[in-house]
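Chemist: sequence? don't have it. structure:
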């Protein structure tokens, strides 16, 4: 039995979305049970043999400043959900709430793994080869050192290895192409550290990749700082939605194009399914002493259910234990990288 | 009459692509003349009443290190093309060669405008509103200070004003969304500088924008550092090409989907045209004392012709003079920003 703690109040829609998603998830996962965290009155309508209600009086809104989320709302559904992971009552927590608050509370309550300075947000996206690419960090850290990027690469590799079964997933460092202007000093140093890690057999490092490589399927994992990762992810969502809009416009132009759309229905439906970002909803907060998954704030019930399924798969495959083991194996190398930095700046 | 200097040897394909593009361009622009720069023997086959050949013995390859491009190949087609702009023989130069070399040579020969520290690469992309968004920088500068981003905003505004005729184009600062993790200190300071410039009436600043806003059409101009801009641009090219590939796959699945594709032909052709990145080929190097345009290295004749047309339009609309005037108007504000930085660090 796998138990997930669900922040039922988080996200743009709260229980109106999270509860239907929980019901579908339970129906599709007979080995799962849920701890539904939120205000008792908002969750009262829901009952299921494998769901237990956990009352939490406060709700963290999408606009709450960090201080409010951390210090004022100590009985928030988000915090209580993470406490279930800390106490061992649940193997993973899932929330669609405010990313900044989720990261801060998770880090405060669960702490980071030894040898990991900062947790990273990792998610999977489709690639042109029909597979998936895992990108991290997606916004938890705006300024990353080379050592942080190395830590992300180690955690990303463990994540993909556990979830896909591939024992040697490939890692690329996100960079820009032109020789003369290639990367900042920090990125160059990250490249060196990753190469060393590759030579020592710790990672399957394939060198620099560019923005277009993310979706080409050049590597299984793409490592970058959170600012770049966040912009790249959102820019691609923007362009995908623009193309979808153009396609709709062109197909609704006149009676002939509308007929063509009707005939193309199965094709367009299949395409939509392949690029539907809801299917990829659910990002992992990696590097903590507990599993926490983040759903898009605007996710619908289908999307939120996907995030629940991802958390379930991670717990089912013992992601936390595997991650710990990988990080332990990498610890001497991670410490050496930190040491070099200290001796270079002292 | 507008005269452009064309580096006919640059890009992945050289004269095989650049010469046919020049012929089409001349046919479509009766008021244009071209200086075709390259090895005499490679250009010999081309003759046109409004084209003159300028011999240059060297060719800078896509892989040439900067030292080779700058110091060894002093008679390169790229350099000679830019010299035509410097001497006043041409109003703009166009090259599909190595971006790093082009930027370095252009900067060395032409110098930057007063009050501009670094040139930026700017390009226009389609947006969901059917208009265009101008993004800069796209890779000339990997580490940008707040002052650089302010300079980019001033130049981007002048660029869009001149080319689109809109006297108050809107400017957004590319950032990430979550409150708690929003932007680095440099980005926050850039936001302050841009707000001040907005209040003084120098810019139409609309605040922070996120990756998805680029294609939504939230602002006419998006300002960012070159690393982020380059990754975002290439990631969106990657996702667009992936979606195109999926669409092709789904339409070729069986006899019925192939029939649907045949019936949808006009729709798919119209869609292709709207998202065809070739139509947007041609990036401006802004901030120099002369106009230089960069074509994608892999551009075909249609794409390279678009880059020529963009350079023509810029020269035709006196972009350089307008840019100088905008930067002069902004000079006190740009200097004040630099001054604040100096007094803060002294």
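Modeler: It's in. Just so it is clear, the model here is predicted, and its values are computed rather than measured. Residues are numbered from 1 along each chain as shown, chains lettered A, B, ... in the order given.
Chemist: would you say residue A:296 is within a strand?
Modeler: No - according to DSSP: H, G, I helix; E, B strand; the rest coil, residue A:296 belongs to no strand; its state is coil.
Chemist: burial count for residue A:279?
Modeler: Per other CB atoms under 10 Å in any protein chain shown, the neighbour tally for residue A:279 reads 14. C-beta here means a position set from N, CA and C on the backbone, and glycine is covered the same way.
Chemist: Name the SS class of the nearest residue to it once chain neighbours are set aside, please.
Modeler: Excluding its sequence neighbours, the residue lying closest to residue A:279 (CB to CB, 6 or more residues apart in numbering or on different chains) is residue A:306, at 6.1 Å. What three-state DSSP gives for residue A:306 is helix.
Chemist: who's in contact with residue A:306?
Modeler: With contacts taken as CB atoms under 8 Å, 6 or more residues apart in numbering or on different chains, residue A:306 has the following neighbours: A:278-282, A:299.
Chemist: What's the separation between it and chain B?
Modeler: Here the distance between residue A:306 and chain B works out to 19 Å (CB to the nearest CB, to the nearest Å).
Chemist: Tell me how far that residue lies from residue B:242.
Modeler: Computed with CB to CB, to the nearest Å, the distance linking residue A:306 and residue B:242 is 20 Å.
Chemist: residues near the residue of the stretch 1-150 of chain A found nearest chain B, how many?
Modeler: As assessed by CB to the nearest CB, chain B sits closest to residue A:100 within the stretch 1-150 of chain A, at 2.7 Å. Residue A:100 has 21 neighbouring residues, counting by other CB under 10 Å.
Chemist: Repeat that for residue A:328.
Modeler: For residue A:328, the count of nearby residues is 12 (other CB under 10 Å).
Chemist: Then residue A:45?
Modeler: Number of residues near residue A:45 (other CB under 10 Å) recorded here: 8.
Chemist: Next up, phi/psi of residue A:185, please.
Modeler: Geometry field for residue A:185 lists phi and psi as phi -60, psi -40, criterion degrees, to the nearest 10.
Chemist: and it, how far is that from residue A:337?
Modeler: Counting by CB to CB - residue A:185 and residue A:337 are separated by 15 Å.
Chemist: Looking at these two, which one has more neighbours?
Modeler: Legend: neighbour count by other CB under 10 Å for residue A:185 and residue A:337, higher for residue A:337 (24 against 10).
Chemist: that older thread, pretty sure the residue of the stretch 1-150 of chain A closest to chain B sits against residue A:66.
Modeler: Yes - assessed by CB atoms under 8 Å, residue A:100 is found in contact with residue A:66 at 5.9 Å.
Chemist: Quick check: of the contacts of residue A:306, which has the highest neighbour count?
Modeler: Each of the contacts of residue A:306 was scored by neighbours using other CB under 10 Å; the highest score is residue A:282's, at 27 neighbours.
Chemist: Need the phi and psi values for that one.
Modeler: Main-chain dihedrals, residue A:282, degrees, to the nearest 10: phi 110, psi 100.
Chemist: what comes into contact with stretch A:153-161?
Modeler: Outside stretch A:153-161, the residues within contact range by CB under 8 Å, 6+ apart are A:116, A:120, A:122, A:134, A:136, A:166-169, A:171, A:173, A:194, A:197, A:202-205, A:220-221, A:223, A:284, A:286-287, A:319, A:322-323, A:325-327, A:330, A:334.
Chemist: how near is residue A:207 to residue B:145?
Modeler: From residue A:207 over to residue B:145 (counting by CB to CB), the distance is 29 Å.
Chemist: could you give the mean pLDDT of stretch A:185-203?
Modeler: Per-residue pLDDT over stretch A:185-203 has a mean of 91.
Chemist: wait, stretch A:125-143
Modeler: For stretch A:125-143, the mean confidence score works out to 89.
Chemist: Please compute how far that stretch lies from its chain's middle.
Modeler: For stretch A:125-143, the distance between its averaged C-alpha position and the chain's averaged C-alpha position is 8 Å (CA atoms, centre = their mean, to the nearest Å).
Chemist: Which positions in that stretch come out as buried?
Modeler: Within stretch A:125-143, the residues that count as buried by 16 or more other CB atoms under 10 Å in any protein chain shown are A:125-128, A:132-142.
Chemist: same for chain B: which of these are within range?
Modeler: Among the buried residues of stretch A:125-143, the residues lying close to chain B (CB under 8 Å from any CB of the partner chain) are A:126-128, A:139-142.
Chemist: Between all of the residues you listed, which two are separated the most?
Modeler: Farthest apart among these by CB to CB are A:128 and A:142. That separation is 29.1 Å.
Chemist: Let's have the contacts of residue A:306 in CSV, adding distance to residue A:251.
Modeler: Rendered in CSV, the data for those read as follows (distance: CB to CB, whole Å):
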residue, distance to residue A:251
A:278, 22
A:279, 22
A:280, 25
A:281, 27
A:282, 31
A:299, 27
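Chemist: Can you give me the pLDDT of residue A:24?
Modeler: As summarised for this prediction, residue A:24 has a pLDDT of 97.
Chemist: give me every residue that touches it.
Modeler: For residue A:24, the contacting residues are A:301, A:305, taking CB under 8 Å, 6+ apart as the criterion.
Chemist: now residue A:77
Modeler: Contacts here follow CB under 8 Å, 6+ apart; on that basis residue A:77 touches A:7-10, A:37-39, A:56, A:58-60, A:95, A:97.
Chemist: could you pull out the strands for chain A?
Modeler: For chain A, the strands identified by DSSP state E occupy A:2-7, A:32-38, A:51-55, A:92-95, A:120-126, A:132-136, A:170-174, A:204-209, A:221-223, A:283-286, A:291-294, in order along the chain.
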